[in-house]
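Enquirer: No letters, just coordinates:
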């Protein structure tokens, strides 16, 4: 027998052992606690969805899924920690759209969103929303754009985090209409909303959940939902497209990933559990109340969404000259 044939047989044997090992792992999985890393502080949109997933999947999988908050560097710290974890299904990470956008903004970054992770599912999406203080004269999106044009460098807007999709949605609107408005960054949506409630910044671009209460009680005026369709939580608030301003649709996404190399059978088990969770009427109702829409797409669909979002926001980031160290 030639050395080449011996080498081929050894390679085939090794491949068979890997496949058998993966199958065995999936059959016995999970046999102990599972860590879900949330790369943000407790209380934010990613944390809220992550904890909902952890609670429900603990029931479905028969083992505790516990949340570990690892905030820092715009989410990069927690994501990089998840990347380095063993690909055995016992470390999962809940990510926001920042996971997709950060590689376009940061000079150095310790992960590749496509190569270093195995997508499981996009769990939920929350459309972004534009709100204004009641003293602002504009009652709709076109009136707001005209008001900003008439007052260059005088209208400021609050945003929850530099590089977040609410921030980039504002930058995209500036680029589309040649607007001159002042960006005021905050460390979180609640602070951005509070600034607009106090009329320190007359406008705010945020994800929907932190703005719902203020819109409902009238302390802020909802100008537009940046989505294809209206949302159940605010059925009377029109979308940007309904107001004749297409192209501004943007979401704050929450998805679940595993480190690259995690056995496909384990990925499939997680995906099936998330689909089951998202179909639960109680879960749907809770997500609607929070301003989220359940998605639960396939790993392949989630992977494609990551590619699409990365390409879209990369253009906005470069045109706006946004850089993070």
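Expert: Structure's in. What do you need? On a predicted model such as this, the values are computed, not experimentally measured, just so you know.
Enquirer: so what's residue 75 closest to, chain neighbours aside?
Expert: residue 39 (4.0 Å; Cβ to Cβ, 6 or more residues apart in numbering). Quick note: C-beta positions are derived from backbone N, CA and C, even for glycine.
Enquirer: Please verify my assumption that the one you found contacts residue 83.
Expert: No. At 11.0 Å, residue 39 does not count as touching residue 83 under the criterion of Cβ atoms under 8 Å.
Enquirer: Compare those two (neighbour count), which wins?
Expert: Neighbour count, other Cβ atoms under 10 Å: between residue 39 and residue 83, residue 39 has more, with 28 against 19.
Enquirer: Show me where the stretch 101-250 of the chain has its strands.
Expert: Counting by DSSP state E, counting those that start in this stretch, the stretch 101-250 of the chain has strands at residues 117-132, 156-159, 182-185, 203-207, 221-226.
Enquirer: just those strands: most buried one?
Expert: Each of these was scored by mean neighbour count; the highest is strand 203-207, a mean of 30, by mean count of other Cβ atoms under 10 Å.
Enquirer: Please name the strands paired to that one in the sheet, noting orientation.
Expert: Within its sheet, strand 203-207 is paired with strand 117-132 (antiparallel), strand 156-159 (parallel), according to DSSP bridges.
Enquirer: tell me the mean pLDDT for it?
Expert: Taken as a whole, strand 203-207 has an average pLDDT of 95.
Enquirer: before we move on, the earlier item: for the residue nearest to residue 75, give me its contacts.
Expert: Taking Cβ atoms under 8 Å, 6 or more residues apart in numbering, we find residue 39 in contact with 46, 70-72, 75-79, 81-82, 93-95, 99.
Enquirer: Just the buried subset of these, written out for PyMOL, thanks.
Expert: Restricted to buried positions by 16 or more other Cβ atoms under 10 Å, the PyMOL selection for the contacts of residue 39 reads:
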select buried, resi 46+70+75+76+77+78+79+81+82+93+94+95+99
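Enquirer: so which of the strands paired with strand 203-207 gets nearest residue 269?
Expert: Nearest of those to residue 269, taken as Cβ to Cβ: strand 117-132 at 9.5 Å.
Enquirer: Could you check how far residue 178 is from residue 203?
Expert: 17 Å (Cβ to Cβ, to the nearest Å).
Enquirer: Low-confidence regions, the stretch 1-150 of the chain specifically.
Expert: 1-26 (pLDDT under 70).
Enquirer: repeat that with 80
Expert: Residues of the stretch 1-150 of the chain meeting the criterion pLDDT under 80: 1-27, 43-45.
Enquirer: how about residue 266, secondary structure?
Expert: helix (DSSP: H, G, I helix; E, B strand; the rest coil).
Enquirer: wait, what's in contact with the spatially closest residue to it that is not a sequence neighbour?
Expert: The spatially closest residue to residue 266, leaving aside those adjacent along the chain, is residue 89, at 3.9 Å (Cβ to Cβ, 6+ apart). Applying Cβ under 8 Å, 6+ apart to residue 89 gives the contacts 25, 29-30, 34, 258, 262-263, 266, 269-270.
Enquirer: Kindly indicate the member of those with the most neighbours.
Expert: Of the contacts of residue 89, with other Cβ under 10 Å as the count, residue 270 tops at 27 neighbours.
Enquirer: My read is that it contacts residue 258, right?
Expert: Yes. Proximity of residue 270 to residue 258 meets the contact threshold set by Cβ under 8 Å, at 7.2 Å.
Enquirer: Overlap of the contact sets of those two?
Expert: Shared contacts of residue 270 and residue 258, defined by Cβ under 8 Å, 6+ apart, comprise 89, 92, 120.
Enquirer: Would you agree the first one falls within a strand?
Expert: No. According to three-state DSSP, the state of residue 89 is coil, so it is not within a strand.
Enquirer: Distance of it relative to residue 296?
Expert: Per Cβ to Cβ, residue 89 is found 19 Å from residue 296.
Enquirer: So which of the strands of the stretch 101-250 of the chain is nearest residue 64?
Expert: Of all the strands of the stretch 101-250 of the chain, strand 117-132 comes closest under Cβ to Cβ, at 18.1 Å.
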